[in-house]
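**Q** Sharing a sequence plus its predicted fold:
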Amino acid sequence: MLANRVSEDIERAIVNIATEFPAYGQQRAANELRKRGIIISEGGVRSVWVRNDLETFKKRLKALETKVMQDGIILTEEQLAALEKVKEQREAHGEIDTEHPGYLGSQVCDS
């Protein structure tokens with residue numbers, strides 16, 4: 001094992017927290033892990049998240065969506081709320097999910 005690296009079991013637990021609670025930041029994730037008997041600093045959580053490309057909320061949601069597609073897991077209320085929050089933010093900023101790029105059209109009617 002390299003210096004400043006956690007064991008594979010702990011790394012796996014940290015990665016799992018990222019998709020289990022995508023809205024959690026590093027400190028909250030470290031606290032949740034502590035409840036499970038895994039003592040790690042928030043900086044340690046960040047290091048693992050960076051190494052696994054999970055350091056932002058958006059990236060953790062993307063990982064959750066991928067996990068749902070691959071494993072067919074059932075989402076928790078908290079996971080659904082996180083996904084819904086992002087969807088609402090996209091729509092508030094004028095981003096709308098469509099089936100295909102350019103699928104949404106507009107029509108001007110003159111009377």
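**A** Noted; the coordinates are in hand.

**Q** Regarding Q79, what is its secondary structure?
**A** Classification of Q79 into helix, strand or coil gives helix, according to DSSP: H, G, I helix; E, B strand; the rest coil.

**Q** Now do the contacts for it.
**A** Listed by C-beta atoms under 8 Å, 6 or more residues apart in numbering, the contact partners of Q79 are 20-22, 64. In short, each C-beta sits where N, CA and C put it, glycine included.

**Q** Could you check the helix or strand bottoming out on mean pLDDT in the chain and say which residues are buried?
**A** Across the helices and strands of the chain, mean confidence by mean pLDDT, DSSP states H and E is lowest for helix 77-92: a mean of 81. Neighbour-count burial for helix 77-92 flags 79, 82-83, 86 (criterion: 16 or more other C-beta atoms under 10 Å).

**Q** and that helix, C-alpha only, in PDB?
**A** Extracted as PDB, the C-alpha positions of helix 77-92 are listed here (Å, rounded to 0.1, in the frame of the first residue of the first chain):
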ATOM      1  CA  GLU A  77     -35.800   9.000  -0.900                       C
ATOM      2  CA  GLU A  78     -32.700  11.000  -0.300                       C
ATOM      3  CA  GLN A  79     -31.200   9.900  -3.700                       C
ATOM      4  CA  LEU A  80     -34.400  10.800  -5.500                       C
ATOM      5  CA  ALA A  81     -34.500  14.200  -3.800                       C
ATOM      6  CA  ALA A  82     -30.900  14.900  -4.900                       C
ATOM      7  CA  LEU A  83     -31.700  14.000  -8.500                       C
ATOM      8  CA  GLU A  84     -34.900  16.000  -8.400                       C
ATOM      9  CA  LYS A  85     -33.100  19.000  -7.000                       C
ATOM     10  CA  VAL A  86     -30.600  19.000  -9.900                       C
ATOM     11  CA  LYS A  87     -33.500  18.600 -12.400                       C
ATOM     12  CA  GLU A  88     -35.300  21.600 -11.000                       C
ATOM     13  CA  GLN A  89     -32.100  23.700 -11.100                       C
ATOM     14  CA  ARG A  90     -31.500  22.800 -14.800                       C
ATOM     15  CA  GLU A  91     -35.100  23.800 -15.700                       C
ATOM     16  CA  ALA A  92     -34.800  27.000 -13.700                       C
END
